[in-house]
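Colleague: Everything below, folded, please.
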Amino acid sequence: MQHYKPVLSIVKRLGLIEPKVLLRPFVSVATTNAPSTELSNRQKFNQIAPPVKLYEKLEKLGFGTLLKTKRFAGVHKQKAKRDQQRLQHTERVGPPPEPKYAFPLLSFFAGAKVPTSFPPESLDEIAFVGRSNVGKSSLINSLAESSVVRTSDKPGLTQQINFFNVGKLFHMIDMPGYGFAFVDEAERETWRELMETYVSERKALKRVYVVLDARHGVKVADTEFLRMLNSKQVKFQVVLTKCDLLVLPNLARRIVSIEEHLKPLRNAVKDVVVVSSKTDAGINQFRKEMLFLMGHLKPKEFYDAIQATQNEKEAKRNKAISYKR
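Modeller: Numbers count the residues shown, from 1 in each chain. I've put the predicted structure just below:
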């Protein structure tokens, strides 16, 4: 130790090393700069443990099944226990299959770039909004089984509030995307003011569906928009699109993380809707929830009869085609 005293006194005077390191001259300086034990956002995300009920819901909606690996052994054990409990009360594991729900014809009837162009409030309304390019227009087309809403890979295609008739049941509203778009800041500000006026003053508005990309979750622009809706006391619900692009465990974790994000917001519906416009997973269930919300959900037999008629027409059409051949 005596040999190091001259060197240590110089180093200490220059402030090159922490005093505690001077007490341990053989300790590497690198160890004093060891990384923080705080977990990264990715590590925190991977540590989320979704409940078994959520996995069962996602599997039922068509988002795949959980792999039977050692990592998920505990989840599979809980699922098997729940299935056993169900079989004690019924012969079926899980609820019966849902009928196919459908909307009447979707048709455009008005567009508004300024509040004075809003059409009169004749039917209840639900609105869709989200960051540019999250799949909002594709979602509306999937729900309506149509292509009436224009879609594009270029952000910022919807540049006004568009009003659509869902038959004579209710109105579906397509709002401009917020956040990034190929327009200048002044125009984006105009869109923001237009949307704020709509959600604040429209008495027929029953719910706003905020569409998010499941791969990215809640971004800064989303947080700002959700807080604005909450401050205006507007009932809103998050819809996750492009859910087919996530493996089942990560999709479940994403839902849990978003539900946590929504807890402080009093006007948020805590259940997160999950859909894929590409595979149609979750679309039928979302239609059912929308029809229920708007007061137009019919008994199961009503939809079964419609489906039977459609199947009969399809069979006749296929028979006619094969006969011509």
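
Colleague: Near Q85, how many other residues are there?
Modeller: Number of residues near Q85 (other Cβ atoms under 10 Å) recorded here: 9. Placement of C-beta: from N, CA and C, glycine included.

Colleague: Just the element for it, please.
Modeller: helix 73-87 (DSSP states H and E).

Colleague: then that helix to CSV, C-alphas only?
Modeller: Coordinates of each C-alpha in helix 73-87 appear next as CSV, following Å, rounded to 0.1, in the frame of the first residue of the first chain:
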residue,chain,number,x,y,z
ALA,A,73,-46.9,-24.7,-18.0
GLY,A,74,-48.5,-22.8,-15.2
VAL,A,75,-51.0,-21.1,-17.5
HIS,A,76,-52.0,-24.4,-19.1
LYS,A,77,-52.5,-26.0,-15.7
GLN,A,78,-54.9,-23.1,-14.7
LYS,A,79,-56.8,-23.5,-18.0
ALA,A,80,-57.2,-27.2,-17.5
LYS,A,81,-58.6,-26.6,-14.0
ARG,A,82,-61.1,-24.0,-15.4
ASP,A,83,-62.2,-26.4,-18.1
GLN,A,84,-62.8,-29.1,-15.5
GLN,A,85,-64.9,-26.7,-13.4
ARG,A,86,-67.0,-25.9,-16.5
LEU,A,87,-67.6,-29.5,-17.4
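
Colleague: Mind listing what's buried along the helix or strand following it?
Modeller: Downstream of helix 73-87, the first helix or strand assigned by DSSP H and E is strand 106-112. In terms of neighbour count (16 or more other Cβ atoms under 10 Å), strand 106-112 has its buried residues at 106, 110, 112.

Colleague: Over to stretch 38-50?
Modeller: P50.

Colleague: circling back: just the buried residues of strand 106-112 now: which is nearest E289?
Modeller: L106 (17.3 Å; Cβ to Cβ).

Colleague: can I get the buried residues of strand 106-112 in JSON lines with pLDDT and distance to A252?
Modeller: Below are the buried residues of strand 106-112 laid out as JSON lines (pLDDT from 0 to 100; distance: Cβ to Cβ, whole Å):
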{"residue": "L106", "pLDDT": "93", "distance to A252": "31"}
{"residue": "A110", "pLDDT": "92", "distance to A252": "40"}
{"residue": "A112", "pLDDT": "92", "distance to A252": "39"}
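
Colleague: Walking through the chain, point out its helices one by one.
Modeller: 5-14, 19-22, 41-46, 52-61, 73-87, 136-144, 185-201, 220-231, 248-262, 283-293, 300-324 (DSSP state H).

Colleague: Could you tell me the least trusted of those?
Modeller: Of all the helices of the chain, mean pLDDT reaches its minimum on helix 19-22 (a mean of 46).

Colleague: quick revisit: can you lay out the buried residues of strand 106-112 as CSV showing distance to L246?
Modeller: CSV is the format used below for the buried residues of strand 106-112 (distance: Cβ to Cβ, whole Å):
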residue, distance to L246
L106, 28
A110, 36
A112, 35
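
Colleague: just curious, which of the residues you listed is nearest to D244?
Modeller: L106 (23.1 Å).

Colleague: tell me the contacts of the closest one?
Modeller: 140, 144, 146, 148-149, 164-166, 172 (Cβ atoms under 8 Å, 6 or more residues apart in numbering).

Colleague: From those residues, list just the buried residues.
Modeller: 140, 144, 149, 164-166, 172.

Colleague: pretty sure G177 is touching N133, no?
Modeller: Yes. G177 lies in contact with N133 (Cβ atoms under 8 Å); the separation is 7.0 Å.

Colleague: of these two, who's got more company?
Modeller: G177 (24 against 18).

Colleague: gap between the residue nearest the centre of the chain and F286?
Modeller: Centroid check for the chain by Cα atoms, centre = their mean gives L240 as the closest residue, at 1.6 Å. Here L240 is placed at a distance of 11 Å from F286 (Cβ to Cβ, to the nearest Å).
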